[in-house]
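Student: here is a sequence together with a model predicted from it:
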Amino acid sequence: MSTTINSTSSAPVVLVTGASSGIGAATAEVFAAAGYDVVLAARRLNRLTDLSDNLRCKYPTRRVVSIECDVNSDLSVDALFKTISSDFGKLNVLVNNAGFGVYGTVETTPISVFQQNMDTNYLGVIRCTQAALPLLRKAVAGSTCRWGASIVMVSSIVGRRSMPQLSSYSATKFALEALSEALRLELWDDRIAVSVVNPGATRTEFGDSAKGNRPGTFLSFEHGMPSETVAKIILNAARSPKRNTYLTLAGKIGVFVQWLSPKLLDMVLLRTFRKSK
């Protein structure tokens, strides 16, 4: 099911998955403000409709389409891209943002939860990327830029260094990083860029929607960076592709220490894990 307005436009087109709240909703607005026509996709159509109505009021020259989509479903993703093809005929930017978190140790997290997490955060990205490529190539054909189209993966700092009690989520983001490394080279000659944005703690509904209980030693999302800040980084990554962008000072330090001395970071995380127990 989708809601749309009928108009023609030569503006670039962006698809944002997981657009009903948080980073996804902020990203949709940042792209609309930058002159993009926007396709919003998520499972909660009522929230998408409210967001799209708001974007049309604020940016009346922009075309906005809201499409109910579950990235876990082949049929749902296929319907999403059929609508984009029919309404726009191309796609300039794909922002793979849909996902959810899981708290818990490897021992206590059910296999079914690992499967659900991987299906959404990793396989959902593959479904959307495979379906998007024909439309991204159409955008490339009409561009003279070095990168004619762009894919932006919304990963996480824990995709570079996993944490105890966040094993499932970390594993999905590690898989996303590996996928991006291969995809970047596979699409190089097609002039489709692949960038990875790695936020740290961000002020979103992540903690409320995550499965399991957040350990008290974890940084509160209330003290995280604003979603709008991450959204601007995503826009920059789409316009000027970068291999990886790491956000928040703590995240950058963590990635550096992981490179410099993984054992040192082990000891820091082990201390935090012991306190949470």
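Tutor: Nice, thanks for sending it over. Residues are numbered from 1 along each chain as shown.

Student: do a quick rundown of the strands in this structure.
Tutor: Under the criterion DSSP state E, the chain contains strands at 2-3, 13-17, 37-42, 64-68, 93-96, 149-154, 192-198, 244-246.

Student: could those strands be laid out in a markdown table, adding mean pLDDT, distance to R271 and mean neighbour count?
Tutor: Glycine gets a C-beta too; all of them are placed from N, C-alpha and C. Below are those laid out as a markdown table (pLDDT from 0 to 100; distance: least, Cβ to Cβ, whole Å; neighbours: other Cβ atoms under 10 Å):
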| stretch | mean pLDDT | distance to R271 | mean neighbour count |
| --- | --- | --- | --- |
| strand 2-3 | 50 | 49 | 18 |
| strand 13-17 | 98 | 36 | 28 |
| strand 37-42 | 97 | 38 | 28 |
| strand 64-68 | 96 | 44 | 23 |
| strand 93-96 | 98 | 34 | 29 |
| strand 149-154 | 98 | 29 | 28 |
| strand 192-198 | 97 | 23 | 25 |
| strand 244-246 | 94 | 23 | 18 |
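
Student: can you put the ones you listed in TSV and add distance to E228?
Tutor: Shown next, in TSV, are those (distance: least, Cβ to Cβ, whole Å):
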stretch	distance to E228
strand 2-3	24
strand 13-17	14
strand 37-42	15
strand 64-68	18
strand 93-96	15
strand 149-154	14
strand 192-198	14
strand 244-246	16
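
Student: give me the neighbour count for K82.
Tutor: Counted with other Cβ atoms under 10 Å, the neighbours of K82 add up to 12.

Student: wait, I meant S86
Tutor: S86 sits with 9 neighbouring residues when counted by other Cβ under 10 Å.

Student: isn't N213 right up against G101?
Tutor: No. Using Cβ atoms under 8 Å, N213 is not in contact with G101, being 11.5 Å away.

Student: with neighbour numbers in mind, choose between these two.
Tutor: More crowded of N213 and G101, by other Cβ under 10 Å: G101, with 23 against 10.
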